[in-house]
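Asker: Just the structure for this:
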Amino acid sequence: MNFKAYIAAAAIALLLLLVGCQADPRAWFGAGGEPKDQQHEMNDSEAVMAQETKDEVHVQLIGLEGKPIGQARLTQVSEGVRIELESEHLTPGQHGFHVHENGKCEAPDFKSAGGHFNPQGHQHGMGNAQGSHAGDLPNLEANPEGKVKFEYVAKQLTLVRDQPNSLLKSGGTSLIIHEKADDNRTEPAGNAGARIACGVIR
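Answerer: Below is the predicted model of the structure:
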């Protein structure tokens with residue numbers, strides 16, 4: 001090989017080396033363009049941030065047959081938690097409506113939801129002088145067609161995690177609709193009868 005050919009070959013080799021140094025780093029770090037461990041850390045951090053700032057939750061309510069009968073939207077506001085609910089297929093009239101302590105809605109009776117959400121250990125009834133359960137809510141009113149549209153701000157509740165009265169506690173909580181009205185006096189659930197609808201809050 002003469003001297004000119006040697007110089008040309010060396011130049012080509014150097015050019016290939018420079019191109020190789022500018023190759024896509026994803027070939028080293030995985031398809032995402034970041035080291036896999038770093039990417040995992042960022043995803044975990046983003047998930048924690050989303051949990052801490054979660055200010056709206058949607059809840060689907062199911063009836064005893066396991067079919068959807070309504071939905072609720074829970075929104076964190078300055079006064080507490082705004083609960084907006086729309087439901088159908090209920091008997092006309094009033095129905096007890098509460099937050100329960102477990103995030104479970106298992107057939108056939110929704111007893112898996114546990115008792116009322118009551119982290120402070122108060123007595124039942126919104127008008128109780130001893131203080132009501134955190135999960136006590138006003139009765140729903142179904143119209144002659146069995147439909148409900150309800151809105152209420154529960155000042156005793158929050159969607160902020162790690163608070164004693166948080167609906168997003170470990171294991172979640174649930175919304176329960178009862179077959180009859182809550183009398184706001186009788187322990188433990190206002191003589192409201194069977195649980196006829198349930199929705200998990202998480």
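Asker: what's in contact with the longest strand anywhere in the chain?
Answerer: Assignment by DSSP state E gives strand 68-77 as the longest strand of the chain. The contact list for strand 68-77 (Cβ atoms under 8 Å, 6 or more residues apart in numbering) reads 54-63, 81-90, 148, 153, 158-160, 167, 175, 177, 197, 199, 201. The way it works is simple: take the backbone N, C-alpha and C, and place the C-beta from them, glycine included.
Asker: and with 7 Å instead?
Answerer: Residues from elsewhere that reach strand 68-77 (Cβ atoms under 7 Å, 6 or more residues apart in numbering): 55-63, 81-89, 153, 158-160, 167, 175, 197, 199, 201.
Asker: What of stretch 160-174?
Answerer: Here stretch 160-174 makes contact (Cβ under 7 Å, 6+ apart) with 51-52, 54, 74, 76, 81, 99-105, 113, 117, 119, 134, 156-159, 198-202.
Asker: which of these are buried?
Answerer: 74, 76, 81, 99-105, 113, 117, 134, 156-159, 198-201 (16 or more other Cβ atoms under 10 Å).
Asker: Sort out for me which of the residues you listed are in strands.
Answerer: Using DSSP E, the buried ones among the contacts of stretch 160-174 in strands are 74, 76, 81, 99-100, 198-201.
Asker: Now for those residues: which two are most distant?
Answerer: Spatial extent of those (Cβ to Cβ) is set by the pair Gln76 and Cys198 at 22.3 Å.
Asker: re the thing from before, which members of the contacts of strand 68-77 occur in strands, if any?
Answerer: If you go by DSSP E, the contacts of strand 68-77 have 56-63, 81-87, 153, 175, 197, 199, 201 in strands.
Asker: Now restrict the contacts of strand 68-77 to buried residues only.
Answerer: Buried members of the contacts of strand 68-77, scored by 16+ other Cβ under 10 Å, are 57, 59, 61-63, 81-83, 85, 87, 89, 158-160, 167, 175, 197, 199, 201.
Asker: Can you find the helix or strand in this protein with the smallest mean pLDDT?
Answerer: Ranking every helix and strand in the chain by mean pLDDT, DSSP states H and E puts helix 26-29 at the bottom, with a mean of 31.
Asker: give me the beta-bridge partners of Ala142?
Answerer: Gly93 (DSSP bridges).
Asker: which ones are touching it?
Answerer: Ala142 neighbours (Cβ under 7 Å, 6+ apart): 90-93, 95, 148.
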